[in-house]
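> Everything below, folded, please.
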Amino acid sequence: MSLLLLVVSALHILILILLFVATLDKSWWTLPEKESLNLWYDCTWNTTAKTWACSNVSENGWLKAVQVLMVLSLILCCLSFILFMFQLYTMRRGGLFYATGLCQLCTSAAVFSGALIYAIHAEEILAKHPSGGSFGYCFALAWVAFPLALVSGIVYIHLRKRE
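A predicted model of the protein is given here:
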C-alpha cells in the first residue's frame, strides 16, 4: 500500500510540475524566427537593439479563457494534493478518496478545455503576429498533463485507505 501511495503522490507532483511549466513558461506558440509566445506576455527579440521587446498579450476573449482555465487547473491540482494529504492522515480505514479524485477530474477538464480552446482559436489569438509558426512545448505539456490528471483522478476515486 505504501508503494501505491508513493506512486500516486509522485504522479500528482509530476502533474503539478507539468501544469506550472505549461502555464508559466514562454512557449505556447513558436514563431518562424524561433521566437516564442506565451499566455501572459508577447516577447520578441529585437535584433538591432539586441534586447527583448515585451508587451501585454492581446485582449482576445479566447486567450483570457485559456488563461483562466490554466490557472484554475493549477489551483484545483494544488487543492486536490492538499486534500489528499489531509484525507490520508485523517480519514478512517476503508475510506475512499472521492473528493481528491473529483478535484483531479476537474483539473483534467480545465486543462483539456484550455488547451482545446487554444488549439481551435489559435488564429484569432495570434492575429497580430506574423503568420506561420507552430505550437510550442508548453502547449504539448498541457496536453500531456490532461490524460495524467484524468488517470490520477480515476485512481483516487478507486483508492481505498488501508492500514
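> so how far is whichever strand or helix holds residue 154 from its chain's centroid?
Taking DSSP states H and E as the criterion, residue 154 maps to helix 137-158. Mean C-alpha position of helix 137-158 versus that of the full chain (Cα atoms, centre = their mean, to the nearest Å) differs by 9 Å.
> Could you list the buried residues of it?
Residues of helix 137-158 classed as buried: 137-139, 141-146, 148-150, 152-153, 155-157 (neighbour count, 16 or more other Cβ atoms under 10 Å). C-beta: built from backbone N, CA, C; applies to glycine.
> so residue 45 makes contact with residue 52?
Yes. The pair residue 45 / residue 52 is scored as a contact, 6.1 Å apart, by Cβ atoms under 8 Å.
> who's more crowded, those two?
Between residue 45 and residue 52, residue 45 has the larger neighbour count (other Cβ atoms under 10 Å), namely 14 against 11.
> which residues does the more buried one contact?
33, 35, 51-53 (Cβ atoms under 8 Å, 6 or more residues apart in numbering).
> just residue 99 next, same as before
Here residue 99 is in contact with 80, 83, 87 (Cβ under 8 Å, 6+ apart).
> Repeat that for residue 57.
Counted by Cβ under 8 Å, 6+ apart, residue 57 has contacts 37-42, 63.
> okay if I get these as JSON lines plus pLDDT?
Formatted as JSON lines, the contacts of residue 57 follow (pLDDT from 0 to 100):
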{"residue": "37", "pLDDT": "77"}
{"residue": "38", "pLDDT": "79"}
{"residue": "39", "pLDDT": "82"}
{"residue": "40", "pLDDT": "81"}
{"residue": "41", "pLDDT": "77"}
{"residue": "42", "pLDDT": "74"}
{"residue": "63", "pLDDT": "85"}
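> Return a ChimeraX selection command for the buried portion of these.
Selection of buried members from the contacts of residue 57 for ChimeraX, criterion 16+ other Cβ under 10 Å:
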select :37,38,39,40,42,63
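> what two of the contacts of residue 57 have the greatest distance between them?
41 and 63 (11.8 Å; Cβ to Cβ).
> thinking again about what came up before, neighbour-wise, which of the contacts of residue 45 leads?
residue 35 (18 neighbours).
> mind checking how far the lowest-mean-pLDDT helix or strand in the chain is from the chain centre?
Taking mean pLDDT, DSSP states H and E as the measure, the chain has strand 41-46 as its least confident helix or strand, at a mean of 72. Relative to the centre of its chain, strand 41-46 is centred 23 Å away, using Cα atoms, centre = their mean.
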